[in-house]
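Colleague: 3D, please:
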Amino acid sequence: MRNRFREALVAIVTAVVVGGLAPSMTRTAGQTERTQGPQVPRTAGGKPDFSGVWQANNGANWDLLTHAARPMVGQPGVYKDVPVLAAPVVALGAVGWVPPDVGVVDGDEIPYQPWAAKRQKENFDNWLDRDPEIGCYLPGIPRAMYMPHKFQIIQGTNKIMMVFEFAGAERTIHLDDVAPYPAEAFMGHSIAKWEGDTLVVDVSSFTAQTWFDRAGNFHSDALHVIERYTPISRDAFRYEATIEDPKVFTRPWKISMPIYRRLEPNARLMEFRCQEMAEETALGHLRKQQLVRRWTGKTMSIDVTRRVPRGERVYERLVDGNPP
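Modeller: Alright, predicted model coming up:
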């Protein structure tokens with residue numbers, strides 16, 4: 001029932017964005033109508049048509065920088081320089097290790113200010129307690145673009161809508177004049193223009209409560225992102241994001257990666273209601289009677305003891321990215 005509701009909602013939004021605002025698309029947002037050859041699909045106005053279902057294929061959501069394999073949560077092993085899986089993930093074996101990958105940051109360095117470099121290390125060491133993704137918060141930009149989940153682009157003449165599988169996140173990119181956004185938002189506020197075949201998106205008005213990845217890389221409410229979407233072929237585009245935050249970084253820096261079209265004939269977004277999935281993790285310590293207590297497998301048993309943080313920390317859900 002919920003799946004049908006979501007699909008109906010996407011269909012309605014598609015009709016509004018594409019049909020009501022300006023019927024410019026040369027094909028639907030689905031993946032079934034294809035032409036032969038590498039040519040880039042275009043709208044009636046001649047601009048690249050990014051409509052479709054897309055997904056990144058890299059390890060950026062684990063760590064924007066080049067990284068070797070490492071435990072999701074680790075502790076020293078028999079040899080101090082050889083970590084092993086720590087208690088929260090020890091039953092996962094090889095699955096509990098972060099896959100290695102090359103980085104997506106130009107120069108493979110994030111230029112943190114000294115206080116922020118210390119904060120990033122604290123975030124990394126306390127990933128399970130701090131990463132907003134674990135609590136199913138909206139991922140923000142640019143993180144939503146390279147999470148291991150699909151997203152759909154619905155392109156009109158004056159508006160471009162992106163719908164993300166993770167947490168049901170959405171964003172609207174405005175190609176026309178709109179009033180400034182009056183508040184802060186997890187997904188920011190997006191204003192765009194065309195530079196030839198490249199869509200350039202200026203994103204601002206962020207909260208300080210999203211991360212860039214699972215390695216604790218973060219920003220403040222001064223985050224400003226310039227995205228560039230450039231077609232590579234019919235089924236791929238290059239995504240670039242220049243990141244500026246004078247409260248956290250010493251200079252602007254940039255990430256870049258290809259993003260690929262999902263080519264299955266029935267490619268579509270599926271439901272990922274992570275609010276329900278994260279409820280016990282985020283709030284289970286407040287239950288009068290603890291629900292999750294023990295897991296027993298073939299070679300181990302894992303006992304869970306929930307504890308309630310003291311004082312005001314009991315109300316803390318996210319770690320703010322602003323300076324102390």
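Colleague: tell me who's in contact with the residue nearest to residue 93 when sequence neighbours are not counted.
Modeller: Excluding its sequence neighbours, the residue lying closest to residue 93 (CB to CB, 6 or more residues apart in numbering) is residue 85, at 7.6 Å. From N, CA and C alone the C-beta is placed, and that goes for glycine too. By CB atoms under 8 Å, 6 or more residues apart in numbering, the residues touching residue 85 are 71, 72, 73, 74, 75, 92, 93, 96, 97.
Colleague: buried subset of those residues, written for ChimeraX?
Modeller: A single ChimeraX command selects the buried members of those (16 or more other CB atoms under 10 Å):
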select :71,72,73,74,96,97
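Colleague: now the contacts of residue 85 in a markdown table, with pLDDT, secondary structure and distance to residue 171?
Modeller: Converted to a markdown table, the contacts of residue 85 look like this (pLDDT from 0 to 100; DSSP: H, G, I helix; E, B strand; the rest coil; distance: CB to CB, whole Å):
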| residue | pLDDT | secondary structure | distance to residue 171 |
| --- | --- | --- | --- |
| 71 | 97 | strand | 33 |
| 72 | 97 | coil | 29 |
| 73 | 97 | coil | 31 |
| 74 | 96 | strand | 35 |
| 75 | 95 | strand | 39 |
| 92 | 97 | helix | 33 |
| 93 | 97 | helix | 37 |
| 96 | 98 | helix | 32 |
| 97 | 98 | strand | 32 |
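Colleague: now, among the contacts of residue 85, which is nearest to residue 49?
Modeller: Nearest to residue 49 among the contacts of residue 85: residue 72, at 38.6 Å, using CB to CB.
Colleague: that closest one touches residue 96, doesn't it?
Modeller: Yes. Between residue 72 and residue 96 there is a contact under CB atoms under 8 Å: 5.2 Å.
Colleague: any residues in contact with both of the two?
Modeller: The contact lists of residue 72 and residue 96 share 85, 89, where a contact means CB under 8 Å, 6+ apart.
Colleague: how deep is the closest residue to residue 206 other than its chain neighbours tucked in, by neighbour count?
Modeller: Distances taken as CB to CB, 6+ apart place residue 223 nearest to residue 206, at 4.4 Å, with adjacent residues excluded. Here the count is done by other CB atoms under 10 Å, and residue 223 has 28 residues near it.
Colleague: what is the burial count for residue 301?
Modeller: If you count neighbours by other CB under 10 Å, residue 301 ends up with 9.
Colleague: specify the beta-bridge partners of it.
Modeller: Under the criterion DSSP bridges, residue 301 forms beta bridges with residue 296.
Colleague: my read: it touches residue 295, true?
Modeller: Yes. Using CB under 8 Å, residue 301 is in contact with residue 295, at 7.0 Å.
Colleague: sketch out the low-pLDDT regions of this protein for me.
Modeller: Across the chain, the ranges flagged by pLDDT under 70 are 1-38.
Colleague: which stretches in the stretch 151-300 of the chain count as helices?
Modeller: For the stretch 151-300 of the chain, the helices defined by DSSP state H, counting those that start in this stretch cover 274-283.
Colleague: surely residue 306 meets residue 285?
Modeller: Yes. Taking CB under 8 Å as the definition, residue 306 is a contact partner of residue 285 at 4.1 Å.
Colleague: please tell me how far the residue nearest to residue 67 when sequence neighbours are not counted sits from residue 65.
Modeller: Counting by CB to CB, 6+ apart, residue 67 lies nearest to residue 100, which is 6.1 Å off, once chain neighbours are set aside. Going from residue 100 to residue 65 by CB to CB, to the nearest Å gives 11 Å.
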